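Peer 1: need coordinates for the following:
(one chain, ligands or ions: 2)
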Amino acid sequence: MQIPSNSLLGLDLQELTNLALGSGQPAYRGQQLFDAVYRQKIDRLDEVSTLPLEYRARLAQEGWAVGLPAMARKFVSSDGTVRYLVELADGETVETVWMPEGDGGESGDGSEAGDEIEGGAVAAAWRRATICVSSQVGCAVGCKFCFTALLGVKRNLEAGEIVGQIAAVLREQGVDPPLQRVNIVFMGMGEPFLNYENLMKSVRLLVEGVGIPESRMTVSTAGIVPRIHDFGQEALRPKLAISLNGSNDALRSEVMPLNRKWNLADLMKAAREFPLRARERLTFEYVLLAGVNDAPEQAREVVELVRGIRAKINLIALNPGTELPYRTPEQDRIFAFQRILVAAGIPTFVRRPRGRDIFAACGQLKRTVEV
Ligand code: SAH
Ligand code: SF4
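Peer 2: Residues are numbered from 1 along each chain as shown. Ligands and ions are numbered 1, 2, ... in the order given. All right, here's what the predicted structure looks like:
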């Protein structure tokens, strides 16, 4: 089922302008709608005070609404992370996570809190935050270590539903880009590159409407090779992260069956050919599974795989659960793995677990809610 066609959220400036023109309104009403929906994140048409009352009434009569998704539930972690259960128009739910001072940090563009902002004022005590957003209801890729995989895929999200998660969280948190710094990671439920057109439209709306630069967004893919190529050709694109999770084909195929379709040779060729911008690095994520892919020998295989690529690696200790056939490695084992990569000159970070007490961490989304 699709989002109802009467949702303004998801329409770009041109589409909103056409809507206004179609009702005999001047073209600039399109811009006013665009600002109201994306910049101001107003959730009710009758609050859009820039529009004449009769035009607001007409839009409502025609069945138009902003279409901001509802926050059905909210779980707050002791570390400040908030996990939202976001309810879509057809009753399906996805999860969106707010991480104050989140993991998007080390992939930032070098500017820090306290930067000069418009008018010479200095952003006060604001520290960056990261929003982790979903791209599909469930996921079809079937990685063996992932909770979302257990759901299968129900449907793609519309562009408006992707942006809507972010707009709703920003509203809830009272945060206003671009004055306040927000990173977006497409690392929630779903495989973004299996919903490519809607993903890219949501990126454009976030940049042009909400005011979040693409340099502060990261899309994570399990390795949909043809889309990695397409993504590299986009004029406007976020940074790219690839989930590696296995250091050789046998191992990667075992934990990510998709490797049988696009193997490591295909994947690393696409990674090598990916046109990085100045100072940009390609991120590889590697979920560590005790006794499966966390041996020193496997770290050395990873070094060989990424040789020659301007890469950085994020190591993620498995977020465990009884539904999963794997265990989390001991700290020592994780740091030993990291040391081998660092010694080979690859910037390697161990991801801080976030919101574990509320099951907000990567791969755990939708684990604890009724479906
Ligand atoms: N589908 C995309 C993005 C969503 S998953 C992808 O796979 O890249 C985001 C990240 O969470 C991926 O790097 C994935 O490998 C990781 N992940 C999935 N399940 C996990 C788990 N149980 N513990 C830790 N990380 C997990
Ligand atoms: Fe899908 Fe990513 Fe989970 Fe794999 S890790 S099943 S691609 S959400």
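
Peer 1: can you count the residues close to A27?
Peer 2: 11 (other CB atoms under 10 Å). Just so you know, the C-beta spots here come from the backbone N, C-alpha and C atoms, and that holds for glycine as well.

Peer 1: quick one: the strands in this structure?
Peer 2: In the chain, the segments counted as strands under DSSP state E are 70-76, 82-87, 93-100, 129-132, 136-138, 153-156, 182-186, 217-221, 239-243, 282-288, 311-317, 348-350.

Peer 1: ligand 1 contacts on this structure?
Peer 2: Neighbours of ligand 1 within the chain, by CB under 6 Å from any ligand atom: 145-146, 187, 191, 220-222, 243, 245, 285, 287, 316, 318-319, 362-363.

Peer 1: among those, name the buried ones.
Peer 2: Neighbour counting by 16 or more other CB atoms under 10 Å classes 145-146, 187, 191, 220-222, 243, 245, 285, 287, 316, 318-319, 362-363 among these as buried.

Peer 1: show me the contacts for L8.
Peer 2: L16, L33, V37, L45, W64, A65, V66, G67 (CB atoms under 8 Å, 6 or more residues apart in numbering).

Peer 1: which stretches of the stretch 1-150 of the chain have low pLDDT?
Peer 2: 1-5, 102-126 (pLDDT under 70).

Peer 1: so what does the residue in it that ligand 1 sits nearest to have for phi and psi?
Peer 2: Ligand 1 sits closest to C146 of the stretch 1-150 of the chain, with a gap of 3.6 Å, by CB to the nearest ligand atom. With angles defined as degrees, to the nearest 10, C146 sits at phi -120, psi 130.

Peer 1: you'd agree it is up against C139?
Peer 2: Yes. Using CB atoms under 8 Å, C146 makes contact with C139 at a distance of 7.2 Å.

Peer 1: filter the residues of the chain next to ligand 1 down to the ones close to ligand 2.
Peer 2: Near ligand 2, by the rule CB under 6 Å from any ligand atom, you find C146, E191, A222, S243, G363 out of the residues of the chain next to ligand 1.

Peer 1: ok, now how distant is P26 from G67?
Peer 2: Plainly put, P26 is 23 Å away from G67 if you go by CB to CB, to the nearest Å.

Peer 1: which residues touch the residue lying closest to L324 once chain neighbours are set aside?
Peer 2: What sits nearest to L324 in space, not counting adjacent residues and going by CB to CB, 6 or more residues apart in numbering, is F145, at 5.9 Å. Applying CB under 8 Å, 6+ apart, one finds that F145 lies in contact with N245, V255, V287, L289, L318, L324, Y326, G363.

Peer 1: quick revisit: between P26 and G67, who's got more neighbours?
Peer 2: G67 (23 against 11).

Peer 1: residues in contact with that one?
Peer 2: I3, P4, N6, S7, L8, L9, G10, A89, G160, G164.

Peer 1: cool, V292 as well?
Peer 2: Residues near V292 by CB under 8 Å, 6+ apart: L251, E254, V255, Y326.

Peer 1: remind me which residues of the stretch 251-371 of the chain are low pLDDT?
Peer 2: Residues of the stretch 251-371 of the chain that meet the criterion pLDDT under 70 lie in 361-371.

Peer 1: that older thread, highest neighbour count among the contacts of G67?
Peer 2: Among these, the one with the most neighbours (other CB under 10 Å) is G164, at 31 neighbours.

Peer 1: looking at it, that residue is touching M71, isn't it?
Peer 2: No. Between G164 and M71 there is no contact under CB under 8 Å: 10.8 Å.

Peer 1: overlap in contacts of these two?
Peer 2: Common neighbours of G164 and M71 (CB under 8 Å, 6+ apart) are V86.

Peer 1: relative to A20, how far out is E285?
Peer 2: To A20, E285 is 43 Å away according to CB to CB.

Peer 1: now do A36
Peer 2: 12 Å.

Peer 1: all helices for the protein, in order.
Peer 2: For the chain, applying DSSP state H gives helices covering 13-22, 28-34, 53-61, 159-173, 196-205, 225-233, 249-255, 264-273, 296-306, 331-343.

Peer 1: so which of these is nearest ligand 2?
Peer 2: Here helix 249-255 is closest among the helices of the chain (CB to the nearest ligand atom), at 9.4 Å.

Peer 1: contacts for that closest one next, please.
Peer 2: 143-145, 244-246, 259-260, 263-264, 289, 292-293, 298.

Peer 1: of those residues, buried ones?
Peer 2: The neighbour-count test (16+ other CB under 10 Å) marks C143, F145, L244, N245, G246, N259, N263, L264, L289, V292, N293, Q298 as buried among the contacts of helix 249-255.
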